[in-house]
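**Student:** with the sequence up front, the predicted model follows.
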Amino acid sequence: MATPTQLKAKDIFTPGRYPTWTLVREHLEEKSKTLHDALDDGSMLVSVSGPSKSGKTVFIENAIGSENLIQITGAGIKSADDAWLRVFDIIGTPVSKTVENTKAFSGTVGAKASAGASVILAKTAGEASVTGGYSSTTSNTGDISINFLQLLIKELANTDYVIFIDDFHYIHRSIQSDLARQIKEAIRNGVKFICASVPYHSDDVIRSNPDLRGRIVSIDFDYWGDEVLEKIAIKGFAKANVSCRRPMLDSFVSEAAGSPQLMQYLCLNACYEIGVRVIGDESVDLVHDQSLLEKICQRTVLSTDYSSVVKKMIEGPKTRGSDRKIHMSNVGWQGDVYLFLLTALSLDPPQLNFRYQPLVNRISSLCLNESPSGSSITSACAHSVSIANGMAHDSILEWDGENDVFDIRDPYFLFYIRWSEALTR
């Protein structure tokens, strides 16, 4: 059993948590400088755009520091007030919406905020003082209205704290517009903001918003390159006293498909598979073995579930009239173009982007005799993207019909179709 002072593999490889031992920051120095310059300027919203699991959140956490970061997520925000209430909850600002008998709430100081903050009351039932704290009044119980934006400005203006709205694209478009206007006003009064979104959403949600035009600094992320991604494994395995051979390291980099978070999962599960949970004094070899790689990947795929999405993609859209044409594979299974498309996407080597001809070639390589026609393949691409994104409630796939380019925008989806049993025939 490990003692409290012994380092564990889960402390080194930290998917979903801040990577203390495996942080790779060298390739982010320019982005960090841009971020800090924008925040020092004090008049700009920082818009961080990048695909899912590409390291945006860790970058912000490292650049700002947890002590100054007020982080909320766009998921579940139904109004601008919802966002500010989440902020108040984090900084410790009590918010009351009722006046009871002889006491009226008129302000407090948040745990992280500066002194002197006061809640703004509108048309209360009595003549309560609004100077801070609680004061006597002769009013009866009644409702009060709190201007959350003004309270936010009062609490956080001209401080070192930064509000970070992650997954801004999850907020409904009608709410985004109102939130953008309030963010603009808060920035004008000295509150610092960062918003993070995925590509294609951020361009038309934040950066093209007329209320924020001229007030945005854009920082763009992409999936990590192989040389940068492998540094996670090199740093982590050295700390874990694990000797990872080059072929296995290359396999992890390939399977991670540009995602630092997925790389963290693969390395952590590699440690588990070779029995390294607590870091010891003796070095342990992680040799390249196909059966071991399969065990690591099969363990890692348990961290995500796209089963319902894949099932609907295989079914395809409802047919009208004649049934879809069935094709025979060269290893004995059969199916229509939708099954062949998904299977082609799952083949080696792992790949997120497919142009038309290479994708057609992959599908043809699976067929025993006649392959699906080009028109049926492009139609299946378009329908599959619509089905997948609708089921996932997110843009995990993208089909550019004008240029015939198919993009997998979530590396976890690619990993899932490669290593789950969803495509078992």
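**Tutor:** It's in.
**Student:** and the helices in the stretch 151-300 of the chain?
**Tutor:** Using DSSP state H, counting those that start in this stretch, the helices of the stretch 151-300 of the chain run over 173-188, 201-205, 226-239, 246-256, 260-273, 290-300.
**Student:** quick one: closest of those helices to residue 166.
**Tutor:** Of all the helices of the stretch 151-300 of the chain, it is helix 201-205 that lies closest to residue 166, at 12.0 Å by CB to CB. Yep, even glycine has a C-beta here, placed from its N, CA and C like the rest.
**Student:** quick one: mean pLDDT for that closest one?
**Tutor:** Mean pLDDT, helix 201-205: 50.
**Student:** which stretches of the stretch 301-425 of the chain aren't confidently modelled?
**Tutor:** 321, 424-425 (pLDDT under 70).
**Student:** over to the stretch 101-250 of the chain?
**Tutor:** 101-145, 199-208, 211.
**Student:** strands of that one, start to end?
**Tutor:** Along the stretch 101-250 of the chain, counting by DSSP state E, counting those that start in this stretch, strands occupy 103-105, 121-122, 134-136, 142-143, 145-146, 162-166, 192-197, 216-220, 242-244.
**Student:** domain-wise, how is this structure divided?
**Tutor:** 9-18+225-303, 26-85+155-220, 89-152, 307-419 (automatic domain parsing).
**Student:** could you dump those into JSON lines and include mean neighbour count?
**Tutor:** What follows is the domains of the chain, written out as JSON lines (neighbours: other CB atoms under 10 Å):
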{"stretch": "domain 9-18+225-303", "mean neighbour count": "18"}
{"stretch": "domain 26-85+155-220", "mean neighbour count": "18"}
{"stretch": "domain 89-152", "mean neighbour count": "16"}
{"stretch": "domain 307-419", "mean neighbour count": "17"}
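**Student:** is it true that residue 398 lies in a strand?
**Tutor:** Yes - according to DSSP: H, G, I helix; E, B strand; the rest coil, residue 398 belongs to a strand.
**Student:** so how far is residue 155 from residue 95?
**Tutor:** With the distance defined as CB to CB, to the nearest Å, residue 95 ends up 11 Å from residue 155.
**Student:** now the common contact residues for the two.
**Tutor:** residue 88 (CB atoms under 8 Å, 6 or more residues apart in numbering).
**Student:** residue 12 touches residue 240, doesn't it?
**Tutor:** Yes - assessed by CB atoms under 8 Å, residue 12 is found in contact with residue 240 at 5.3 Å.
**Student:** what touches both of the two?
**Tutor:** In contact with both residue 12 and residue 240: 271, 279, using CB under 8 Å, 6+ apart.
**Student:** contacts for the lengthiest helix in the chain, please.
**Tutor:** Determined from DSSP state H, the single longest helix within the chain is helix 374-392. Helix 374-392 has contacts (CB under 8 Å, 6+ apart) with 306, 308-309, 312-313, 316-317, 325, 337-338, 341-342, 356, 359-360, 363, 372, 395-399, 401, 404, 406, 413.
**Student:** before we move on, what about stretch 38-45?
**Tutor:** 46, 162, 183-184, 187-188, 190, 192-195, 206, 212, 215-217.
**Student:** tell me the contacts of the residue lying closest to residue 165 once chain neighbours are set aside?
**Tutor:** Closest residue in space to residue 165, ignoring its immediate chain neighbours: residue 195 at 4.7 Å, by CB to CB, 6 or more residues apart in numbering. Listed by CB under 8 Å, 6+ apart, the contact set of residue 195 reads 45, 46, 47, 48, 164, 165, 168, 183, 202, 206.
**Student:** can you tell me how far the most centrally placed residue in the chain sits from residue 397?
**Tutor:** Residue closest to the average C-alpha location in the chain (CA atoms, centre = their mean): residue 52, at 4.7 Å. Computed with CB to CB, the distance linking residue 52 and residue 397 is 12 Å.
**Student:** intersection of neighbour lists for the two?
**Tutor:** Going by CB under 8 Å, 6+ apart, residues that sit against residue 52 and also against residue 397 are 409, 410.
**Student:** how close does the residue nearest to residue 165 get to residue 178?
**Tutor:** On the measure of CB to CB, residue 195 and residue 178 end up 14 Å apart.
**Student:** could you do residue 42 as well?
**Tutor:** 23 Å.
**Student:** could you do residue 148 as well?
**Tutor:** In terms of CB to CB, residue 148 sits 12 Å off from residue 178.
**Student:** now the common contact residues for the two.
**Tutor:** residue 80.
**Student:** show me where the stretch 301-425 of the chain has strands.
**Tutor:** Under DSSP E, counting those that start in this stretch, the stretch 301-425 of the chain gives strands at 327-328, 334-335, 353-355, 397-400, 405-408.
**Student:** show residues contacting the fourth one.
**Tutor:** By that I understand strand 397-400. In contact with strand 397-400 (CB under 8 Å, 6+ apart) are residues 200, 381-382, 384-385, 388-389, 405-410, 413.
**Student:** let me see the contact set for residue 313.
**Tutor:** With CB under 8 Å, 6+ apart, residue 313 has these contacts: 338, 342, 384, 387, 388.
**Student:** 10 Å - rerun?
**Tutor:** 306, 338-339, 341-342, 345, 380, 383-388, 391, 397, 417, 422 (CB atoms under 10 Å, 6 or more residues apart in numbering).
**Student:** distance-wise, check it relative to residue 302.
**Tutor:** Taken as CB to CB, the span from residue 313 to residue 302 is 21 Å.
**Student:** so what's the residue count around the closest residue to residue 311 other than its chain neighbours?
**Tutor:** Spatial nearest neighbour of residue 311, excluding adjacent residues (CB to CB, 6+ apart): residue 422 at 7.2 Å. The tally of other residues near residue 422 (other CB atoms under 10 Å) stands at 20.
**Student:** just the terminal-to-terminal distance for stretch 356-375.
**Tutor:** 11 Å (CA to CA, to the nearest Å).
**Student:** so how far is that stretch from its chain's centroid?
**Tutor:** 33 Å (CA atoms, centre = their mean, to the nearest Å).
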